[in-house]
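Asks: Everything below, folded, please.
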Amino acid sequence: MPLDAVESAPHSATQEFIAYLRAHPQSALLPASELAHQFGLTEEFVRDIQTGLQRLGHAATSEPKASFSWAFLSRGNRRLKATWTRLTDHPERFIFLSIGFTAVILWALSVTFPSPPASVMSRGSRQALTFSETGPLEFILVLGVLAAHLGCYYRHAMSRYALAGAVMVWFATSVPFMISVWSSAVSATEPERFGLVMLASAGMLVMGMLYAGIGSLAAVAGGYFQSRAEERAEESLSRQELLERYFELEGRLARSSSSAEVDWSDTLPIGNWIRKYPLPFAGLTALGISILATLAQRMGGLGPEPKTEIFPSPVQAVFVLVQVGLLIGNAALFAAFGLFSRSSLTSFGMWAVASVTTTASGFLPGSEYGAVYYQNPQHIISMGFILSATLAITMLAHLGGRLQRRSARRRSLQHNDQASIVSEMLRIQWRLADNTSTVCVMVVDAAKSSEMKLSSDSLVVEYSFREYQEWLSEISRDLGGRVHSTAGDGAVIAFPTCLNAFHAARQIQTDLHRFNQEVNRLSMPFRLRIGLHVGEVPGNLDEVEFTEVIDIAAHMQGVAPISGIAVSDRVAMSIPGEDFVPLAQEVDGHRVLLAMNPIEG
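Replies: Just a heads-up that it's a prediction; the model follows:
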């Protein structure tokens, strides 16, 4: 969110704004200035609400952590998990200490098990340095530390930790490696040794870039799976839980503030440039890097084909290092396209513009690329690989940026930011409204059921009423009905249409004589009243504790005569061709009509 904090909006105006957007969801797409003027709110406050409503999914109040199933592990392993959590609570410190620990172990191994005399790198020689006997152990150690780093990035789902770790790894590896290269090339001249050191530094830069890429990928994966877990948790919330969540937010709104969590991407000028001028920015920056790369080639005497010299000149080594830096900068540029753009389409468009610009720049005067270069099939394959890699970098960075902004909004919600709370309340309201459906409710009741139970044995009562409920359910199920609730003497059943509900009611009254003769073991027969009403139900009827539709249907049943079917005027209008007689009285503002033919045949 923007750096400048918004003023706290008046509570009454905020509530009016919520009510309006609840009834008119599409109005959230109107310009912020228009909505702000209409409700007397600040434009920045309205814009923050709109931003909050655009995120991918529900933001929980507690920050989730990537979790694994530890139920099958022993108590000792659970303690190991707790230790791991404490160690990685501060990622930068964990990365720094683990790198230092690894360096100390490797130094101790080199002192304890010294390597045999290394082959001295001489002019024209390509023999590699001899590995020590502890090479496999060192490899396993480094691989284990790398896995721990990736686990830390996955847990925190922040790419910036991977970038910071890449800098630490580059510094920790490049300095000893460059010293080793300098001391090994004893037969080379000092300028040649300097060139080798520069090449070693370039190689370490590439390794650091690879580390940053893998670490960022782990962070994006962690953020993605955490986001999916949040979405699944939200989808599993019952209607009652959503209502509890809504009223909790309403209570927090009264004591909210405008202290929004600032997304670090909003603090960088490059982010504003990309959002305002995405395609021109992509083209100009790609052209600039291409021109610098061409200059480095010409000034360093380099070209597109690899060089075979073991000892490059210092000038060549420096410009190789410059080219490696430009390569890293180019990859970072494509990552910025995805990270700061607000839509995947914009990210793809920036990648396309930059790729076309970079390819076309090979035909500029002075470049050793061009038509001849691209006529080589191997170069075409190489270019395809580069384009695929940059596209993957762009889109992964875009996903990472969306997850990063979502995390910032989640923290804003934790800190009672007013705009974040309002947007979350609206999202809950819209979700509840989206689940609204129209159903026809049938309420069935057995007349004088208390007398039926008193005059019979308890086991006979239990059997007969159980069979009675099963009989109602079976008839209703065949016509698409779903039993919402049952009591000993009646049932509430929902149907998708009024016609289905009315046919079910007639079948029940028609088959009741057979049921009493063949199934009922009580001394008194079942005599039923049935009431029908249709209306909208907020959400799944099975999750609703109270709804007006059920209440009115029950009242319709209450005025129906024994063996009769009473319907509301809404139900009667939905069943053409049936005969109904209206009653003089009204129930809950609805006219009551009785079916002239409650029995089929």
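Asks: Kindly indicate whether Ala584 is helix, strand or coil.
Replies: The three-state label given to Ala584 by DSSP: H, G, I helix; E, B strand; the rest coil is strand.
Asks: so who does the closest residue in space to Ala103 that isn't next to it in sequence touch?
Replies: Nearest residue to Ala103, sequence neighbours excluded (CB to CB, 6 or more residues apart in numbering): Ala172, at 6.1 Å. Placement of C-beta: from N, CA and C, glycine included. Listed by CB atoms under 8 Å, 6 or more residues apart in numbering, the contact partners of Ala172 are Ile99, Gly100, Ala103.
Asks: would you say Ala172 is within a helix?
Replies: Yes - according to three-state DSSP, Ala172 belongs to a helix.
Asks: Could you check the pLDDT of it?
Replies: Looking at Ala172, its pLDDT reads 83.
Asks: Which residue lies nearest the spatial centre of this protein?
Replies: Taking CA atoms, centre = their mean, the centroid of the chain lies closest to Ser227, which sits 3.3 Å from it.
Asks: doesn't it fall inside a helix?
Replies: Yes - under three-state DSSP, Ser227 falls within a helix.
Asks: Just to check, it is in contact with Ser407?
Replies: No - when contacts are counted by CB atoms under 8 Å, Ser227 is not listed as touching Ser407 (9.3 Å).
Asks: Val439 - how many residues pack around it?
Replies: Val439 has 25 neighbouring residues, counting by other CB atoms under 10 Å.
Asks: Also the one 10 residues further on?
Replies: If you count neighbours by other CB under 10 Å, Ser449 ends up with 20.
Asks: same thing with Glu230?
Replies: Glu230: 18 neighbours (other CB under 10 Å).
Asks: helix, strand or coil for it?
Replies: Three-state assignment for Glu230 (three-state DSSP): helix.
Asks: which residues touch Ala157?
Replies: Neighbour list for Ala157: Ala66, Ala219, Val220, Gly222, Gly223, Gln226, Leu403, Ser407 [criterion: CB under 8 Å, 6+ apart].
Asks: okay, the helix or strand containing Leu459 in PDB with CA atoms only?
Replies: Assigned by DSSP states H and E, Leu459 belongs to helix 458-478. In PDB, the C-alpha atoms belonging to helix 458-478 read as follows (Å, rounded to 0.1, in the frame of the first residue of the first chain):
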ATOM      1  CA  SER A 458     -42.200 -47.300  24.000                       C
ATOM      2  CA  LEU A 459     -40.600 -49.800  21.600                       C
ATOM      3  CA  VAL A 460     -43.600 -49.600  19.300                       C
ATOM      4  CA  VAL A 461     -43.400 -45.800  19.400                       C
ATOM      5  CA  GLU A 462     -39.700 -45.900  18.500                       C
ATOM      6  CA  TYR A 463     -40.100 -48.300  15.600                       C
ATOM      7  CA  SER A 464     -43.200 -46.500  14.100                       C
ATOM      8  CA  PHE A 465     -41.800 -43.000  14.300                       C
ATOM      9  CA  ARG A 466     -38.400 -44.100  12.900                       C
ATOM     10  CA  GLU A 467     -40.200 -45.800   9.900                       C
ATOM     11  CA  TYR A 468     -42.300 -42.700   9.500                       C
ATOM     12  CA  GLN A 469     -39.300 -40.400   9.200                       C
ATOM     13  CA  GLU A 470     -37.700 -42.800   6.700                       C
ATOM     14  CA  TRP A 471     -40.900 -43.000   4.700                       C
ATOM     15  CA  LEU A 472     -41.000 -39.100   4.400                       C
ATOM     16  CA  SER A 473     -37.300 -39.000   3.400                       C
ATOM     17  CA  GLU A 474     -37.800 -41.700   0.700                       C
ATOM     18  CA  ILE A 475     -40.700 -40.000  -1.000                       C
ATOM     19  CA  SER A 476     -39.000 -36.600  -0.900                       C
ATOM     20  CA  ARG A 477     -35.700 -37.900  -2.100                       C
ATOM     21  CA  ASP A 478     -37.300 -39.400  -5.200                       C
END
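Asks: From the contact counts, what lies against that helix?
Replies: On a contact count with 3 or more CB pairs under 8 Å, 6 or more residues apart in numbering; DSSP states H and E, helix 458-478 meets strand 437-446, helix 449-454, strand 482-487, strand 490-495, helix 498-518.
Asks: Can I take it that Val104 is in a strand?
Replies: No - according to three-state DSSP, Val104 belongs to no strand; its state is helix.
Asks: For Val169, see how far away it is.
Replies: 15 Å (CB to CB, to the nearest Å).
Asks: Any buried residues in stretch 509-529, and which?
Replies: Buried residues in stretch 509-529, counted by 16 or more other CB atoms under 10 Å: Gln509, Leu512, Phe515, Asn516, Asn520, Leu522, Met524, Phe526, Arg527, Leu528, Arg529.
Asks: circling back to that earlier point, in CSV: the contacts of Ala157, plus distance to Phe247, pLDDT and secondary structure.
Replies: Below are the contacts of Ala157 laid out as CSV (distance: CB to CB, whole Å; pLDDT from 0 to 100; DSSP: H, G, I helix; E, B strand; the rest coil):
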residue, distance to Phe247, pLDDT, secondary structure
Ala66, 30, 42, coil
Ala219, 35, 83, helix
Val220, 35, 80, helix
Gly222, 32, 83, helix
Gly223, 30, 79, helix
Gln226, 26, 80, helix
Leu403, 29, 75, helix
Ser407, 26, 70, helix
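Asks: Neighbour-wise, which one of those residues leads?
Replies: Ala219 (27 neighbours).
Asks: pretty sure that residue is touching Tyr161, no?
Replies: Yes - here Ala219 lies in contact with Tyr161, judged by CB under 8 Å, at a distance of 6.8 Å.
Asks: Need the residues touching each of these two.
Replies: Any residue near both Ala219 and Tyr161 by CB under 8 Å, 6+ apart counts here, and that gives Tyr153.
Asks: next structured bit after the helix or strand hosting Gly271?
Replies: Gly271 is part of helix 269-276 when elements are defined by DSSP H and E. Moving toward the C-terminus from helix 269-276, the next helix or strand (DSSP H and E) is helix 278-300.
Asks: quick one: average pLDDT of that following helix?
Replies: The pLDDT scores in helix 278-300 average 78.
Asks: Likewise for stretch 480-496?
Replies: The model assigns stretch 480-496 a mean pLDDT of 85.
Asks: And stretch 235-245, by the same measure?
Replies: The model assigns stretch 235-245 a mean pLDDT of 74.
Asks: Pop out the phi and psi values for the closest residue to Ile565 other than its chain neighbours.
Replies: Computed as CB to CB, 6+ apart, the closest residue to Ile565 that is not its neighbour in sequence is Ala595, at 4.2 Å. Note on Ala595: backbone dihedrals following degrees, to the nearest 10 are phi -70, psi 130.
Asks: Just list whatever residues bridge to Ala595.
Replies: Bridge pairing for Ala595 (DSSP bridges) gives the partners Phe580.
Asks: for Arg245, what are its contacts?
Replies: Contacts were defined as CB under 8 Å, 6+ apart; by that measure Arg245 touches Leu237, Ile428.
Asks: would it count as being in a helix?
Replies: Yes - judged by three-state DSSP, Arg245 forms part of a helix.
Asks: So for stretch 20-34, mean pLDDT?
Replies: For stretch 20-34, the per-residue pLDDT averages 77.
Asks: ugh, wrong one, stretch 99-110
Replies: Averaging pLDDT along stretch 99-110 gives 82.
Asks: Equivalent analysis for stretch 337-349, please.
Replies: Mean predicted confidence for stretch 337-349 is 84.
Asks: and that stretch, which residues are buried?
Replies: The neighbour-count check on stretch 337-349 (16+ other CB under 10 Å) flags Phe337, Gly338, Leu339, Phe340, Ser341, Arg342, Thr346, Ser347, Phe348, Gly349 as buried.
Asks: pretty sure the third one contacts Leu396?
Replies: No - applying CB under 8 Å, one finds Leu339 not in contact with Leu396, separated by 9.6 Å.
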